[in-house]
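Chemist: After the sequence you'll find the predicted model.
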Amino acid sequence: MLLLPILAAAAVAVTATAASPATETDTVKPPDSLVVEGVPAIPASLVAALRPYTEFRGATFLSFHPERREMLIATRFADTAQVHRVAAAGGARTQLTFFPDRVVAAAYPRASGSGDPFFVFSKDTGGNEFYQTYRFDAGSGAITLLTDGRSRNSLGVFPRRGQRLAYTSTRRNGADNDLYVLDPADPKSDHLLAQVKGGGWEVLDWSPAGDKLLVREVISVNESYLWSFDVASGQRTPLTPRPEGEKVAYGTGCWAPDGRSLYVTTDRDGEFFRLARLDPASGRHSYLSDHIHWDVEELDLSDDGRSLAVIVNENGIGRVRLFDARSGKERRAPALPAGSATGVGWHRNGHELAVTVISARMQSDIFVVETRGGRVERWTESELGGVDLRDQPEPQLMSWKSFDGRELSGLLYRPPARFTGPRPVIVNIHGGPEAQARPGFPGRNNYLLRELGVAILYPNVRGSTGYGKTFTKLDNGLAREDSVKDVGALLDWIAHSPDLDAGRVMILGGSYGGYMTLAVSTHYADRIRCSFDVVGISNFVTFLEHTEAYRRDLRRVEYGDERDPATRAFMEKIAPVNNAGQIRKPMLIAQGKNDPRVPATEAEQMVATLRKRGIPVWYLLARDEGHGFAKKRNVDFLFYAQVAFMKKYLLE
């Protein structure tokens with residue numbers, strides 16, 4: 001639930017020698033990867049105090065071995081998350097990839113061929129999100145680039161039998177996500193299967209016979225459709241009708257073992273995504289989860305076709321639920337440790353299920369559920385940097401009424417009871433806006449809670465997901481500033497909360513949450529102390545003109561089309577950079593130079609405008625990052641700057 005992917009490793013150089021203890025005059029040097037402007041020298045004593053809170057790590061499940069009872073995971077031991085092998089519950093995490101940039105995904109073929117199996121993995125360079133796919137040969141450790149090295153490529157999907165990989169790529173024109181197929185053992189086999197229009201195409205599954213692909217076409221968060229593509233000819237067939245009037249969305253899906261029907265998640269005929277069995281020939285949807293009044297988010301079918309595992313978003317908490325694939329009836333799921341589940345994946349044996357779990361006391365770790373007997377094994381136990389979090393409470397669900405009487409909700413992390421009196425507050429607004437603040441591990445923010453006594457509030461303003469499709473559309477187009485008013489009403493709620501200090505509020509957000517941070521700073525300047533914008537949008541017009549081509553049309557559905565004169569005029573009117581004259585409080589801004597989503601120009605024009613007005617602004621630009629900071633050395637220094645900024649402007 002943290003605002004951006006922030007994984008974590010190199011120590012920041014100190015001006016004193018390594019052998020001598022830090023003194024009050026010692027300072028730290030920023031990493032060479034950072035451009036730091038307006039930030040005062042960071043005391044080495046502060047870094048020493050923060051260090052235990054920066055040395056945690058987590059693990060996420062990637063893929064089961066096709067034959068053996070072992071898995072690939074992602075975790076960090078140096079500066080970024082890399083692929084590791086774990087051969088048994090509690091076994092050693094053996095690192096397999098070693099890159100300066102994080103590996104974002106990896107997968108074995110679902111059935112092994114002759115000899116040692118390979119796996120494929122995906123990574124970009126410097127956070128630019130132009131992901132490339134590589135083959136890792138288990139026997140030799142050799143790594144082979146499989147894609148073109150320039151375009152944006154998805155990792156793709158393997159069939160249940162065979163080793164071909166179906167994936168999408170923008171290589172033809174940089175904008176459209178065309179379909180490709182290759183045999184990773186023979187990179188020369190790579191070929192274009194079908195050209196499509198738009199950047200929202202995604203391969204979901206191969207048919208049991210391996211002759212068709214299930215593909216999703218995303219128009220917006222509220223509109224998407226499913227297609228079948230013939231693997232030999234590339235011919236496409238629509239599987240889901242496009243109804244008149246109300247838009248319909250499909251979240252994910254897979255072929256049923258009969259090769260004719262599908263298991264899908266969809267909001268068709270309702271507010272939430274339900275699990276359904278779809279007969280494309282008739283268009284009939286047989287709903288299996290009518291008794292669940294939340295979004296069914298993830299779906300995985302066991303290789304024997306007997307069991308479906310799904311994750312249900314129950315008010316932000318991910319719960320694993322099991323269904324008998326043949327009868328459609330829900331089965332009892334074994335109890336997992338307290339926390340929120342994500343990333344389910346079946347072992348080929350059909351009765352063991354891997355799940356990643358995250359909680360307030362656990363960054364993220366992997367558990368394997370034996371679904372026949374109910375046994376739960378913990379496969380990883382990641383370090384917490386030496387901080388004792390056994391007494392860490394889960395966040396409190398809170399609610400408030402907005403300007404129009406609509407009830408909204410959020411998560412409140414409270415500091416320990418030893419901090420008395422009204423507590424300063426960080427309001428941390430999630431990005432998206434099609435996203436949701438969900439309970440998780442506070443990470444470095446544990447220092448703010450446990451050592452500084454700062455409360456942290458994560459609101460889910462209108463436009464968030466998880467509360468039905470009508471709620472998600474409430475901020476679209478010309479209703480954009482209604483979500484800003486939601487934060488204004490939240491400030492009213494804080495003012496009436498006796499244990500929170502309405503006179504010491506900091507607004508923080510990343511991406512779209514960065515836009516919200518900037519907008520709140522203009523609308524409610526007298527009600528906040530300071531703000532912290534991470535890769536935020538300062539003008540929707542310039543943002544849409546410069547965001548990467550493959551995502552531009554998808555964003556226009558949400559924000560409006562800047563090419564329309566009336567919409568453009570509205571966007572210019574509400575642009576924070578054009579309303580910066582209303583900002584009167586200090587601001588910290590962080591940006592990745594290689595950001596393909598929110599270009600660095602959005603931050604630069606905001607910084608320049610604030611400086612002209614004489615507003616204190618601290619600015620950090622990472623030369624080797626994209627949409628948020630992912631490398632530990634950069635994340636750490638940004639956190640040092642954040643704490644120094646808060647001590648100066650929020651806590652004094």
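Modeler: Received it, and whenever you're ready, just let me know what you need.
Chemist: Show me where the stretch 101-250 of the chain has its strands.
Modeler: 103-107, 118-123, 132-137, 143-145, 165-169, 178-183, 186-194, 201-206, 212-220, 223-230, 236-238, 250-255 (DSSP state E, counting those that start in this stretch).
Chemist: And the stretch 551-652 of the chain, by the same measure?
Modeler: 587-592, 617-622.
Chemist: quick one: least confident helix or strand in this structure?
Modeler: helix 549-559 (a mean of 90; mean pLDDT, DSSP states H and E).
Chemist: hmm, back to that, would you turn the strands of the stretch 101-250 of the chain into a markdown table with mean neighbour count and mean pLDDT?
Modeler: Using the backbone N, CA and C atoms, a C-beta is placed for each residue, glycine as well. Converted to a markdown table, these look like this (neighbours: other CB atoms under 10 Å; pLDDT from 0 to 100):
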| stretch | mean neighbour count | mean pLDDT |
| --- | --- | --- |
| strand 103-107 | 21 | 97 |
| strand 118-123 | 23 | 97 |
| strand 132-137 | 20 | 97 |
| strand 143-145 | 13 | 97 |
| strand 165-169 | 24 | 98 |
| strand 178-183 | 21 | 97 |
| strand 186-194 | 14 | 96 |
| strand 201-206 | 22 | 97 |
| strand 212-220 | 21 | 96 |
| strand 223-230 | 19 | 96 |
| strand 236-238 | 13 | 96 |
| strand 250-255 | 22 | 96 |
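Chemist: Of all the ones you listed, which one is nearest residue 535?
Modeler: With CB to CB, the closest approach to residue 535 among the strands of the stretch 101-250 of the chain belongs to strand 103-107: 17.3 Å.
Chemist: Which neighbours in the sheet does the closest one have, and how are they oriented?
Modeler: strand 118-123 (antiparallel) (DSSP bridges).
Chemist: got the CA positions of the strand it pairs with in CSV?
Modeler: The C-alpha coordinates for strand 118-123 follow below in CSV (Å, rounded to 0.1, in the frame of the first residue of the first chain):
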residue,chain,number,x,y,z
PHE,A,118,15.2,-22.6,-18.2
PHE,A,119,13.1,-19.7,-16.9
VAL,A,120,12.4,-16.3,-18.5
PHE,A,121,12.5,-13.0,-16.6
SER,A,122,11.8,-9.3,-17.3
LYS,A,123,13.7,-6.1,-16.4
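Chemist: Also compute the angle for that strand relative to strand 132-137, please.
Modeler: Relative orientation of strand 118-123 versus strand 132-137 (axes from the mean of the first three to the mean of the last three CA atoms, to 10 degrees): 150 degrees.
Chemist: if we can go back for a sec, tell me what the least confident helix or strand of the chain is packed against?
Modeler: strand 212-220, helix 540-546 (3 or more CB pairs under 8 Å, 6 or more residues apart in numbering; DSSP states H and E).
Chemist: mind running it again at 10 Å?
Modeler: Secondary-structure packing of helix 549-559 (3 or more CB pairs under 10 Å, 6 or more residues apart in numbering; DSSP states H and E): strand 212-220, helix 512-523, helix 540-546, helix 565-574.
Chemist: Tell me how far the second one lies from the chain's centre.
Modeler: It stands for helix 512-523. 20 Å (CA atoms, centre = their mean, to the nearest Å).
Chemist: now the angle from it to helix 549-559?
Modeler: Going by the same axes, to 10 degrees, helix 512-523 makes 50 degrees with helix 549-559.
Chemist: got a list of what residue 60 touches?
Modeler: Counting by CB atoms under 10 Å, 6 or more residues apart in numbering, residue 60 touches 7, 73-75, 81, 105, 342-343, 356, 358, 363-366, 380, 382.
Chemist: what's the model's confidence in stretch 507-515, averaged?
Modeler: The predicted model gives stretch 507-515 an average pLDDT of 96.
Chemist: what's the first-to-last distance across that stretch?
Modeler: 11 Å (CA to CA, to the nearest Å).
Chemist: And it, how far out from the chain middle?
Modeler: So, by CA atoms, centre = their mean, the centroid of stretch 507-515 is 14 Å from its chain's centroid.
Chemist: Then stretch 60-75?
Modeler: The chain centroid and the centroid of stretch 60-75 are separated by 21 Å under CA atoms, centre = their mean.
Chemist: same check, this time on stretch 475-489
Modeler: On CA atoms, centre = their mean, the centre of stretch 475-489 falls 22 Å from that of its chain.
Chemist: Could you export that stretch as CSV, keeping only the C-alpha atoms?
Modeler: Taking Å, rounded to 0.1, in the frame of the first residue of the first chain, the C-alpha atoms of stretch 475-489 are listed here in CSV:
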residue,chain,number,x,y,z
ASP,A,475,-13.7,11.7,-10.5
ASN,A,476,-13.5,11.3,-14.3
GLY,A,477,-13.1,14.2,-16.7
LEU,A,478,-14.6,17.5,-15.5
ALA,A,479,-15.3,16.0,-12.0
ARG,A,480,-11.5,15.9,-11.3
GLU,A,481,-11.5,18.4,-8.5
ASP,A,482,-14.2,16.6,-6.5
SER,A,483,-11.6,14.2,-5.3
VAL,A,484,-9.5,17.3,-4.1
LYS,A,485,-12.6,18.4,-2.1
ASP,A,486,-12.7,15.0,-0.5
VAL,A,487,-9.3,15.8,1.0
GLY,A,488,-10.6,19.2,2.1
ALA,A,489,-13.4,17.3,4.0
